[in-house]
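Enquirer: predicted model follows, preceded by the sequence.
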Amino acid sequence: MVIAPPSMDGASPAAFTQQLPTPSPFSFSVASTRWTVVPPIQLSILFLRFLALLLSFVSALALTTPLKKIGQSPSSCGQLPELMYCFIVTVVAFVYSAFQLFKGVCDISYRGILISDRFSDYLSFILDQLVAYLLISSSSLGIQAIQRTGRATPLCRASVISISMSFAVFLVTATCALLSGYKLCKRIIW
């Protein structure tokens, strides 16, 4: 018994063997509706970047303007090299968060035209880890500086606030690094 294959009216066999590429889960447009769709992972990363920007600003501000009581001598973070390192790393985290926030907004509004998605994923993954490492190392050095200063000084209180915020920025940046790693792995595996 022989079964005849179904007829292909005017279609070549090569047309059926060629597979169409599957769209990336990180693509922005839906072809059928013409509406733009932003993946939820990108919105959550954008929110985390804004949170890191805000927390790093508060951390840097706390170190630059310690509150002092009337009659106390002024103190600054420039007196201790550990606190100066904390301040510099916090400013670097602020600038990096501002850059990533700007890039994320541009990616949503211009649909990834400014920077290619592949390069952006690699860059975000590497720089997130670098900034997270700098933040945790500066926080650990800042704790040593707090132990060396007097407990009742305004610099000590400002350092505690700054290092707490810096550690919070570390947690947010580490979460962003995990999400960037997830996006990169999905891109490589896809």
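Expert: That came through fine. Worth saying up front: this structure is predicted, and the values here are computed from it rather than measured.
Enquirer: elements contacting the longest helix along the chain?
Expert: The longest helix of the chain (DSSP state H) is helix 154-189. Applying 3 or more Cβ pairs under 8 Å, 6 or more residues apart in numbering; DSSP states H and E, we find helix 154-189 packed against helix 40-64, helix 81-110, helix 117-148. Every residue, glycine included, has its C-beta placed from N, CA and C.
Enquirer: repeat that with 6 Å
Expert: Here helix 154-189 touches helix 40-64, helix 117-148, going by 3 or more Cβ pairs under 6 Å, 6 or more residues apart in numbering; DSSP states H and E.
Enquirer: which other residues reach the first one?
Expert: Taking contacts as Cβ atoms under 6 Å, 6 or more residues apart in numbering, the residues outside helix 40-64 that touch it are 77, 87, 90-91, 93-94, 97-98, 100-101, 104, 158, 161-162, 165-166, 168-169, 172-173, 175-176, 179.
Enquirer: follow-up on the earlier one: the longest helix of the chain: how far from the chain's middle?
Expert: Taking Cα atoms, centre = their mean, to the nearest Å, one finds the center of helix 154-189 at 8 Å from the center of the full chain.
Enquirer: for stretch 146-159, same thing?
Expert: So, by Cα atoms, centre = their mean, the centroid of stretch 146-159 is 30 Å from its chain's centroid.
Enquirer: send the alpha carbons of that stretch over as CSV?
Expert: This file holds the C-alpha atoms of stretch 146-159, laid out as CSV (Å, rounded to 0.1, in the frame of the first residue of the first chain):
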residue,chain,number,x,y,z
ILE,A,146,33.4,54.8,61.2
GLN,A,147,35.2,52.7,63.8
ARG,A,148,38.1,55.2,63.8
THR,A,149,36.0,58.4,64.1
GLY,A,150,34.4,59.4,67.3
ARG,A,151,30.8,58.2,67.9
ALA,A,152,29.3,61.6,68.6
THR,A,153,30.8,63.4,65.6
PRO,A,154,28.6,64.6,62.8
LEU,A,155,31.0,62.9,60.4
CYS,A,156,30.3,59.5,62.0
ARG,A,157,26.5,60.0,61.7
ALA,A,158,26.9,61.1,58.1
SER,A,159,29.2,58.1,57.4
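Enquirer: what residue ranges in the chain score low on pLDDT?
Expert: Where the chain drops to pLDDT under 70, the residues are 1-36, 66-79, 112-113, 150, 152, 190.
Enquirer: what's the neighbour count on the residue nearest to Gln144 when sequence neighbours are not counted?
Expert: Leaving aside its chain neighbours, Gln144 sits nearest to Glu82 (5.8 Å; criterion: Cβ to Cβ, 6 or more residues apart in numbering). If you count neighbours by other Cβ atoms under 10 Å, Glu82 ends up with 20.
Enquirer: same question, Arg118
Expert: Using other Cβ under 10 Å, Arg118 is surrounded by 11 other residues.
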